[in-house]
Each structure stands twice: as C-alpha cells, then as structure tokens.
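Enquirer: Okay, predicted coordinates and the sequence, questions at the end:
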Amino acid sequence: MNLGIISASRALVEESWKQPDKWEANLTSAEAMLARALIEVPGHVLASTCLGAVLCDQGEHKKAVSVLLRAVELGSTDRNTYFNLGVAKMNCGEDEEAMAFFRRAESLQPSRLSWEAYFDPQAH
C-alpha cells in the first residue's frame with residue numbers, strides 16, 4: 001500500500017484541528033482515502049488504525065470499534081490502535097473494556113505514522 005495515503009489523511013486531520021471550518025470535509029476525505037486503501041489491501045493494520053482514529057473523531061464510535069478490533073486481530077502492536085479502541089469503547093459506554101485497552105496501550109510504542117483519536121477524559 002502507498003504510505004502517501006496515510007500521510008495525506010493525517011495531513012487532512014491535522015489541518016482540521018487548525019481550521020475547524022474544514023473539519024467535516026477533511027475528515028470525510030480522510031475516511032474515504034483510508035477506506036479505499038483498505039479495499040486495496042484489506043489486512044493493512046496501519047490503515048485500519050488510522051481509519052479508526054478518523055471514525056472516532058467523526059463520532060462514529062461503533063464503526064471505529066469494528067475497524068480497530070480488526071487491526072488487533074491482525075496483530076497490531078501500535079499503541080495508537082489500542083488507545084483509539086479505548087476511546088471508541090469509552091464512547092460506546094463500554095468503560096471496563098475501554099480501560100483494558102487503555103492499559104494495553106500503556107505498554108506499547110506508537111507508530112510514527114499513526115495518531116491518537118481525540119479524547120477528553122473529563123467528558124466521561
């Protein structure tokens with residue numbers, strides 16, 4: 001898979017934080033790019049982790065859980081996979097499972113190519 005897709009989707013997400021008026025359009029574009037990448041390479045763990053982050057940021061937490069669990073099943077060792085899964089589970093009201101994923105994330109290193117979904121622990 002072309003890692004340029006990962007970089008481009010990350011750039012869209014980062015731009016969204018700096019220019020909130022682009023939030024919806026940029027996240028929609030990032031989601032589409034990553035979804036296409038997963039059609040081309042269905043078992044791509046990094047693309048799954050990044051798509052999970054985008055889905056969390058869009059408030060699509062149930063979809064994010066599905067995508068991120070697939071990354072775990074495929075053997076992800078990326079801290080961000082587990083952190084993002086914790087975010088998604090927490091936002092689905094599955095607090096105990098979320099905490100287990102947050103604890104697992106603590107023992108791992110993040111990929112330099114993936115990123116964390118937004119999470120405000122005070123909001124829960």
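Expert: Looks like it came in fine.

Enquirer: Just the CA atoms of the strand or helix carrying Ala105, as PDB, please.
Expert: Here Ala105 sits within helix 95-106, counting by DSSP states H and E. This file holds the C-alpha atoms of helix 95-106, laid out as PDB (Å, rounded to 0.1, in the frame of the first residue of the first chain):
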ATOM      1  CA  ASP A  95     -16.000   1.600  30.200                       C
ATOM      2  CA  GLU A  96     -14.400  -1.600  31.600                       C
ATOM      3  CA  GLU A  97     -13.400  -2.800  28.100                       C
ATOM      4  CA  ALA A  98     -12.100   0.700  27.300                       C
ATOM      5  CA  MET A  99      -9.900   0.700  30.400                       C
ATOM      6  CA  ALA A 100      -8.400  -2.700  29.400                       C
ATOM      7  CA  PHE A 101      -7.500  -1.200  26.000                       C
ATOM      8  CA  PHE A 102      -6.000   1.900  27.600                       C
ATOM      9  CA  ARG A 103      -3.900  -0.300  29.900                       C
ATOM     10  CA  ARG A 104      -2.700  -2.400  27.000                       C
ATOM     11  CA  ALA A 105      -1.800   0.800  25.100                       C
ATOM     12  CA  GLU A 106       0.500   1.900  28.000                       C
END
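
Enquirer: Number of residues surrounding Cys92?
Expert: 14 (other C-beta atoms under 10 Å). (Glycine included, C-beta is placed from N, CA and C.)

Enquirer: outside of the longest helix along the chain, which residues touch it?
Expert: For the chain, the helix with the greatest residue count under DSSP state H is helix 23-40. With C-beta atoms under 8 Å, 6 or more residues apart in numbering as the test, helix 23-40 has contacts from 1-2, 5-6, 8-10, 12-13, 15-16, 44, 47-48, 50-51, 54-55, 57-58.

Enquirer: Got a ChimeraX select line for the buried ones in those residues?
Expert: Buried residues among those (16 or more other C-beta atoms under 10 Å), as a ChimeraX selection:
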select :5,6,9,10,12,13,16,44,47,48,50,51,54,55,57,58
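
Enquirer: what's the closest non-adjacent residue to the most centrally placed residue in the chain?
Expert: The centre of the chain sits closest to Ala53, judged by C-alpha atoms, centre = their mean, with a distance of 1.9 Å. The shortest distance from Ala53 to any non-neighbouring residue, by C-beta to C-beta, 6 or more residues apart in numbering, is to Ala117 (4.3 Å).
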